[in-house]
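Undergrad: got a structure for you, letters missing:
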Ligand SMILES: CC(C)(COP(=O)(O)OP(=O)(O)OC[C@H]1O[C@@H](n2cnc3c(N)ncnc32)[C@H](O)[C@@H]1OP(=O)(O)O)[C@@H](O)C(=O)NCCC(=O)NCCS
(Lines give C-alpha, C1' and ligand atoms only; values in the text may rest on other atoms or scores of the structure.)
Protein backbone atom coordinates (compact mmCIF):
# COMPACT_ATOMS: atom_id res chain seq x y z
CA UNK A 1 0.00 0.00 0.00
CA UNK A 2 1.17 3.50 -0.69
CA UNK A 3 1.76 6.03 1.99
CA UNK A 4 -1.28 8.30 2.06
CA UNK A 5 -0.35 10.74 4.74
CA UNK A 6 2.93 12.04 5.96
CA UNK A 7 3.50 11.86 9.71
CA UNK A 8 1.25 14.41 11.39
CA UNK A 9 3.18 15.29 14.48
CA UNK A 10 0.68 17.95 15.42
CA UNK A 11 -1.85 15.27 16.19
CA UNK A 12 -0.48 12.14 17.62
CA UNK A 13 3.27 11.98 17.69
CA UNK A 14 4.68 11.68 21.17
CA UNK A 15 6.70 14.84 21.08
CA UNK A 16 4.03 17.33 20.29
CA UNK A 17 0.48 16.14 20.40
CA UNK A 18 -2.04 18.94 20.10
CA UNK A 19 -5.45 18.98 21.67
CA UNK A 20 -8.01 21.36 20.39
CA UNK A 21 -10.82 23.32 21.92
CA UNK A 22 -13.75 21.49 23.36
CA UNK A 23 -17.33 22.37 22.75
CA UNK A 24 -17.90 20.96 26.20
CA UNK A 25 -15.62 23.40 27.95
CA UNK A 26 -18.10 26.25 27.90
CA UNK A 27 -21.22 24.21 28.39
CA UNK A 28 -22.39 22.14 31.30
CA UNK A 29 -20.78 18.70 30.96
CA UNK A 30 -23.23 15.95 30.21
CA UNK A 31 -22.90 13.07 32.61
CA UNK A 32 -24.56 9.79 31.84
CA UNK A 33 -24.54 6.33 33.25
CA UNK A 34 -24.45 3.35 30.96
CA UNK A 35 -27.77 1.91 29.80
CA UNK A 36 -28.57 -1.49 28.38
CA UNK A 37 -29.52 0.05 25.02
CA UNK A 38 -26.17 1.80 24.66
CA UNK A 39 -24.41 -1.41 25.61
CA UNK A 40 -25.65 -3.09 22.47
CA UNK A 41 -23.73 -0.90 20.04
CA UNK A 42 -20.75 -3.19 19.52
CA UNK A 43 -23.10 -5.53 17.75
CA UNK A 44 -21.80 -8.43 19.78
CA UNK A 45 -24.06 -7.90 22.74
CA UNK A 46 -27.82 -7.73 22.94
CA UNK A 47 -29.73 -4.92 24.58
CA UNK A 48 -30.34 -7.04 27.64
CA UNK A 49 -26.74 -8.06 28.40
CA UNK A 50 -25.23 -4.99 29.91
CA UNK A 51 -21.79 -6.03 31.09
CA UNK A 52 -21.82 -6.13 34.92
CA UNK A 53 -18.59 -4.12 35.06
CA UNK A 54 -20.32 -1.24 33.27
CA UNK A 55 -23.16 -0.81 35.75
CA UNK A 56 -21.42 1.66 38.10
CA UNK A 57 -19.67 3.62 35.34
CA UNK A 58 -20.27 7.29 34.72
CA UNK A 59 -19.66 8.78 31.25
CA UNK A 60 -18.69 12.41 30.90
CA UNK A 61 -16.23 14.77 29.16
CA UNK A 62 -12.80 15.37 30.66
CA UNK A 63 -12.60 17.81 33.57
CA UNK A 64 -9.74 19.69 35.22
CA UNK A 65 -9.67 17.24 38.11
CA UNK A 66 -8.83 14.41 35.67
CA UNK A 67 -5.31 15.73 34.99
CA UNK A 68 -3.40 13.01 36.85
CA UNK A 69 -5.80 10.22 35.95
CA UNK A 70 -5.78 10.93 32.23
CA UNK A 71 -1.98 10.88 32.19
CA UNK A 72 -1.96 7.63 34.19
CA UNK A 73 -4.25 5.81 31.75
CA UNK A 74 -2.25 7.04 28.74
CA UNK A 75 1.02 5.88 30.27
CA UNK A 76 -0.54 2.55 31.15
CA UNK A 77 -2.06 1.93 27.71
CA UNK A 78 0.21 3.55 25.10
CA UNK A 79 3.87 3.06 24.23
CA UNK A 80 3.84 6.60 22.84
CA UNK A 81 4.72 9.20 25.46
CA UNK A 82 2.62 12.35 25.38
CA UNK A 83 3.98 15.56 26.82
CA UNK A 84 2.52 17.48 29.76
CA UNK A 85 0.94 20.08 27.50
CA UNK A 86 -1.15 17.40 25.83
CA UNK A 87 -2.74 16.47 29.16
CA UNK A 88 -3.01 20.08 30.37
CA UNK A 89 -4.95 20.95 27.24
CA UNK A 90 -7.04 17.81 27.23
CA UNK A 91 -8.51 18.48 30.66
CA UNK A 92 -9.13 22.15 29.85
CA UNK A 93 -10.75 21.14 26.58
CA UNK A 94 -9.58 24.40 25.06
CA UNK A 95 -6.76 25.38 22.73
CA UNK A 96 -5.81 28.68 21.21
CA UNK A 97 -6.87 27.92 17.65
CA UNK A 98 -10.49 27.39 18.61
CA UNK A 99 -11.15 24.05 16.94
CA UNK A 100 -13.35 21.66 18.90
CA UNK A 101 -12.11 18.71 20.91
CA UNK A 102 -14.32 15.77 21.76
CA UNK A 103 -13.39 13.98 24.94
CA UNK A 104 -15.27 11.33 26.81
CA UNK A 105 -14.24 9.25 29.77
CA UNK A 106 -15.77 6.31 31.56
CA UNK A 107 -15.03 6.43 35.26
CA UNK A 108 -15.75 4.77 38.52
CA UNK A 109 -17.26 7.42 40.77
CA UNK A 110 -15.37 8.83 43.71
CA UNK A 111 -15.60 6.57 46.74
CA UNK A 112 -16.96 7.84 50.03
CA UNK A 113 -14.66 10.41 51.70
CA UNK A 114 -14.25 7.96 54.56
CA UNK A 115 -12.40 5.51 52.29
CA UNK A 116 -8.81 4.94 53.16
CA UNK A 117 -6.71 6.23 51.57
CA UNK A 118 -9.14 8.88 50.27
CA UNK A 119 -9.14 9.29 46.46
CA UNK A 120 -9.20 12.79 45.08
CA UNK A 121 -10.84 12.01 41.77
CA UNK A 122 -12.86 9.43 39.94
CA UNK A 123 -10.87 6.55 38.58
CA UNK A 124 -10.82 6.65 34.78
CA UNK A 125 -11.17 3.22 33.16
CA UNK A 126 -11.69 4.33 29.56
CA UNK A 127 -11.21 7.45 27.48
CA UNK A 128 -11.46 8.80 23.97
CA UNK A 129 -9.97 12.08 22.75
CA UNK A 130 -10.49 13.45 19.26
CA UNK A 131 -10.66 16.64 17.30
CA UNK A 132 -12.39 18.11 14.30
CA UNK A 133 -9.98 19.13 11.56
CA UNK A 134 -10.34 20.89 8.25
CA UNK A 135 -10.77 18.49 5.33
CA UNK A 136 -9.07 21.08 3.13
CA UNK A 137 -5.65 20.62 4.71
CA UNK A 138 -3.17 19.44 2.11
CA UNK A 139 -2.55 16.05 3.73
CA UNK A 140 -6.27 15.27 3.93
CA UNK A 141 -7.25 16.07 0.36
CA UNK A 142 -7.01 12.44 -0.78
CA UNK A 143 -9.34 11.13 1.93
CA UNK A 144 -12.54 12.51 0.42
CA UNK A 145 -13.77 12.66 -3.18
CA UNK A 146 -13.71 16.15 -4.75
CA UNK A 147 -17.48 16.52 -4.35
CA UNK A 148 -17.34 15.34 -0.71
CA UNK A 149 -14.58 17.86 -0.04
CA UNK A 150 -17.01 20.59 -1.07
CA UNK A 151 -19.87 19.34 1.09
CA UNK A 152 -17.81 18.20 4.08
CA UNK A 153 -15.35 20.85 5.25
CA UNK A 154 -14.66 18.89 8.44
CA UNK A 155 -13.24 15.50 9.35
CA UNK A 156 -12.76 14.00 12.79
CA UNK A 157 -9.46 12.58 14.01
CA UNK A 158 -9.28 10.09 16.87
CA UNK A 159 -6.17 11.00 18.83
CA UNK A 160 -6.38 8.37 21.57
CA UNK A 161 -8.79 5.67 22.70
CA UNK A 162 -8.01 3.34 25.59
CA UNK A 163 -9.56 1.12 28.21
CA UNK A 164 -7.79 -0.29 31.26
CA UNK A 165 -6.92 -4.01 31.37
CA UNK A 166 -9.79 -5.01 33.66
CA UNK A 167 -12.35 -3.51 31.29
CA UNK A 168 -11.02 -4.88 28.00
CA UNK A 169 -13.31 -7.08 25.88
CA UNK A 170 -16.32 -5.83 27.80
CA UNK A 171 -17.54 -3.52 25.04
CA UNK A 172 -16.33 -0.38 26.81
CA UNK A 173 -14.19 0.99 23.97
CA UNK A 174 -17.10 0.33 21.61
CA UNK A 175 -19.34 2.42 23.86
CA UNK A 176 -16.87 5.31 23.87
CA UNK A 177 -16.45 5.04 20.10
CA UNK A 178 -20.21 5.11 19.66
CA UNK A 179 -20.36 8.39 21.54
CA UNK A 180 -17.70 9.82 19.25
CA UNK A 181 -19.47 8.60 16.12
CA UNK A 182 -22.68 10.23 17.36
CA UNK A 183 -20.80 13.49 17.86
CA UNK A 184 -19.25 13.32 14.36
CA UNK A 185 -22.50 12.41 12.59
CA UNK A 186 -24.47 15.09 14.41
CA UNK A 187 -22.26 17.64 12.63
CA UNK A 188 -23.40 17.43 8.99
CA UNK A 189 -20.19 19.17 7.89
CA UNK A 190 -18.15 16.17 8.99
CA UNK A 191 -17.52 13.58 6.25
CA UNK A 192 -15.31 11.03 7.95
CA UNK A 193 -13.62 9.82 11.09
CA UNK A 194 -10.02 8.69 10.83
CA UNK A 195 -7.11 7.51 12.97
CA UNK A 196 -3.68 5.93 12.92
CA UNK A 197 -2.84 2.56 14.43
CA UNK A 198 0.70 1.30 14.79
CA UNK A 199 0.97 -1.73 12.49
CA UNK A 200 1.67 -4.28 15.26
CA UNK A 201 -1.34 -3.29 17.40
CA UNK A 202 -3.53 -6.23 16.37
CA UNK A 203 -6.16 -5.73 19.09
CA UNK A 204 -6.80 -2.16 18.00
CA UNK A 205 -6.82 -3.21 14.33
CA UNK A 206 -9.41 -5.89 15.05
CA UNK A 207 -11.37 -3.44 17.17
CA UNK A 208 -11.60 -0.78 14.47
CA UNK A 209 -12.33 -3.27 11.71
CA UNK A 210 -15.16 -4.71 13.79
CA UNK A 211 -16.47 -1.17 14.13
CA UNK A 212 -16.58 -0.76 10.34
CA UNK A 213 -13.42 1.27 9.85
CA UNK A 214 -11.59 0.49 6.61
CA UNK A 215 -7.84 0.44 6.14
CA UNK A 216 -6.94 3.08 3.59
CA UNK A 217 -3.17 3.03 3.61
CA UNK A 218 0.05 2.99 5.53
CA UNK A 219 2.01 5.93 6.89
CA UNK A 220 5.67 5.09 7.00
CA UNK A 221 7.58 6.07 10.13
CA UNK A 222 4.54 7.75 11.61
CA UNK A 223 5.32 6.97 15.24
CA UNK A 224 8.62 7.52 16.98
CA UNK A 225 8.99 5.47 20.15
CA UNK A 226 12.21 5.67 22.10
CA UNK A 227 14.04 6.88 19.03
CA UNK A 228 12.75 4.13 16.71
CA UNK A 229 10.29 4.77 13.90
CA UNK A 230 7.22 2.61 13.32
CA UNK A 231 4.70 2.54 10.49
CA UNK A 232 1.01 3.08 11.13
CA UNK A 233 -2.11 2.08 9.27
CA UNK A 234 -4.62 4.73 8.38
CA UNK A 235 -8.20 3.72 9.18
CA UNK A 236 -11.27 5.62 8.03
CA UNK A 237 -15.01 5.43 8.56
CA UNK A 238 -17.13 7.64 6.32
CA UNK A 239 -20.13 9.44 7.84
CA UNK A 240 -22.86 11.79 6.65
CA UNK A 241 -22.55 10.61 3.04
CA UNK A 242 -18.83 11.39 2.83
CA UNK A 243 -17.21 9.45 -0.02
CA UNK A 244 -13.76 8.08 -0.60
CA UNK A 245 -11.49 9.61 -3.20
CA UNK A 246 -11.37 6.93 -5.86
CA UNK A 247 -8.29 6.03 -7.86
CA UNK A 248 -8.06 4.34 -11.27
CA UNK A 249 -7.13 1.14 -9.40
CA UNK A 250 -10.57 1.19 -7.73
CA UNK A 251 -12.17 1.31 -11.19
CA UNK A 252 -10.04 -1.63 -12.37
CA UNK A 253 -11.08 -3.54 -9.25
CA UNK A 254 -14.72 -2.82 -9.95
CA UNK A 255 -14.45 -4.08 -13.54
CA UNK A 256 -12.70 -7.27 -12.40
CA UNK A 257 -15.28 -7.84 -9.65
CA UNK A 258 -18.04 -7.20 -12.20
CA UNK A 259 -16.61 -9.93 -14.45
CA UNK A 260 -16.25 -12.30 -11.52
CA UNK A 261 -19.87 -11.69 -10.54
CA UNK A 262 -21.09 -11.92 -14.16
CA UNK A 263 -19.45 -15.27 -14.82
CA UNK A 264 -20.19 -16.56 -11.31
CA UNK A 265 -16.51 -17.25 -10.61
C1 LIG B 1 -7.99 -1.38 21.48
C2 LIG B 1 -8.79 -1.21 22.76
C3 LIG B 1 -9.19 0.27 22.90
C4 LIG B 1 -10.05 -2.09 22.70
O5 LIG B 1 -10.77 -1.87 23.89
P6 LIG B 1 -11.89 -2.89 24.43
O7 LIG B 1 -12.59 -2.17 25.54
O8 LIG B 1 -11.28 -4.20 24.72
O9 LIG B 1 -12.84 -3.01 23.17
P10 LIG B 1 -14.26 -3.75 23.08
O11 LIG B 1 -14.49 -4.59 24.30
O12 LIG B 1 -15.28 -2.74 22.75
O13 LIG B 1 -13.97 -4.74 21.84
C14 LIG B 1 -14.79 -4.79 20.72
C15 LIG B 1 -14.19 -5.78 19.73
O16 LIG B 1 -12.86 -5.39 19.33
C17 LIG B 1 -12.09 -6.57 19.03
N18 LIG B 1 -10.99 -6.70 19.98
C19 LIG B 1 -10.69 -5.90 21.02
N20 LIG B 1 -9.58 -6.34 21.64
C21 LIG B 1 -9.18 -7.47 20.97
C22 LIG B 1 -8.09 -8.38 21.15
N23 LIG B 1 -7.18 -8.23 22.14
N24 LIG B 1 -7.97 -9.39 20.29
C25 LIG B 1 -8.87 -9.57 19.29
N26 LIG B 1 -9.94 -8.75 19.08
C27 LIG B 1 -10.07 -7.70 19.91
C28 LIG B 1 -13.06 -7.75 19.21
O29 LIG B 1 -13.67 -7.97 17.96
C30 LIG B 1 -14.04 -7.19 20.23
O31 LIG B 1 -15.29 -7.85 20.19
P32 LIG B 1 -15.50 -9.21 21.04
O33 LIG B 1 -14.95 -8.99 22.41
O34 LIG B 1 -17.00 -9.39 21.00
O35 LIG B 1 -14.74 -10.27 20.29
C36 LIG B 1 -7.95 -1.65 24.01
O37 LIG B 1 -7.39 -2.91 23.74
C38 LIG B 1 -6.87 -0.69 24.41
O39 LIG B 1 -7.10 0.24 25.20
N40 LIG B 1 -5.62 -0.87 23.90
C41 LIG B 1 -4.49 0.00 24.28
C42 LIG B 1 -4.64 1.38 23.65
C43 LIG B 1 -4.80 1.30 22.14
O44 LIG B 1 -4.12 0.53 21.48
N45 LIG B 1 -5.74 2.10 21.59
C46 LIG B 1 -6.08 2.06 20.17
C47 LIG B 1 -5.26 2.97 19.37
S48 LIG B 1 -5.79 4.67 19.60
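TA: Yes, it's here. This structure is a prediction, so every number in the text was calculated from the model and none was measured. Numbering: from 1, shown residues only.
Undergrad: near the ligand, which residues of the chain show up?
TA: Residues of the chain found near the ligand, taking CB under 6 Å from any ligand atom as the criterion, are 42, 44, 77-78, 160-163, 167-174, 197, 201, 203-204, 206-207, 210. Every C-beta, even on glycine, is put in place using the N, C-alpha and C of the backbone.
Undergrad: among those residues, which are in strands?
TA: 160-163, 197 (DSSP state E).
Undergrad: and which of those residues is nearest to residue 181?
TA: Lowest distance from residue 181 to those (CB to CB) belongs to residue 161, with 11.8 Å.
Undergrad: That closest one bridge partners, please.
TA: Here residue 161 sits in beta bridges with residue 128, going by DSSP bridges.
Undergrad: ok, now which ones touch it?
TA: 127-129, 173, 176-177, 195 (CB atoms under 8 Å, 6 or more residues apart in numbering).
Undergrad: Mind pulling up the pLDDT for it?
TA: Residue 161 is assigned 98 on the pLDDT scale.
Undergrad: Mind checking which of the residues of the chain next to the ligand are buried?
TA: Among the residues of the chain next to the ligand, those classed as buried by 16 or more other CB atoms under 10 Å are 42, 77-78, 160-163, 167, 170-174, 197, 201, 204, 207.
Undergrad: so where's this protein shaky on pLDDT?
TA: 1-49, 94-98, 111-120, 248-255, 265 (pLDDT under 70).
Undergrad: Please enumerate the strands of it.
TA: Ranges of strands in the chain, per DSSP E, are 21-22, 32-33, 58-60, 100-108, 123-134, 154-163, 190-198, 214-225, 228-238.
Undergrad: can these go into JSON lines with extra columns for distance to residue 91?
TA: Converted to JSON lines, the strands of the chain look like this (distance: least, CB to CB, whole Å):
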{"stretch": "strand 21-22", "distance to residue 91": "10"}
{"stretch": "strand 32-33", "distance to residue 91": "19"}
{"stretch": "strand 58-60", "distance to residue 91": "12"}
{"stretch": "strand 100-108", "distance to residue 91": "8"}
{"stretch": "strand 123-134", "distance to residue 91": "10"}
{"stretch": "strand 154-163", "distance to residue 91": "13"}
{"stretch": "strand 190-198", "distance to residue 91": "21"}
{"stretch": "strand 214-225", "distance to residue 91": "24"}
{"stretch": "strand 228-238", "distance to residue 91": "26"}
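Undergrad: Out of the ones you listed, flag the one nearest residue 245.
TA: Comparing the strands of the chain against residue 245 with CB to CB, the closest turns out to be strand 214-225 (9.5 Å).
Undergrad: what's the angle between the closest one and strand 228-238?
TA: In terms of direction (axes from the mean of the first three to the mean of the last three CA atoms, to 10 degrees), strand 214-225 departs from strand 228-238 by 150 degrees.
Undergrad: Report the buried residues of strand 214-225.
TA: Judged by neighbour count (16+ other CB under 10 Å), strand 214-225 contains these buried residues: 216-219, 222-224.
Undergrad: what's the residue sitting nearest the centre point of the chain in contact with, if anything?
TA: The centre of the chain sits closest to residue 158, judged by CA atoms, centre = their mean, with a distance of 3.1 Å. When contacts are counted by CB under 8 Å, 6+ apart, residue 158 touches 128-130, 180, 193-195.
Undergrad: most surrounded residue in the residues you listed?
TA: In terms of neighbours by other CB atoms under 10 Å, those top out with residue 129 at 30 neighbours.
Undergrad: Would you mind confirming that that residue makes contact with residue 101?
TA: Yes. Counting by CB atoms under 8 Å, residue 129 does reach residue 101; the two are 6.9 Å apart.
Undergrad: Greatest separation within the ones in strands among the residues of the chain next to the ligand: which pair is it?
TA: 163 and 197 (15.1 Å).
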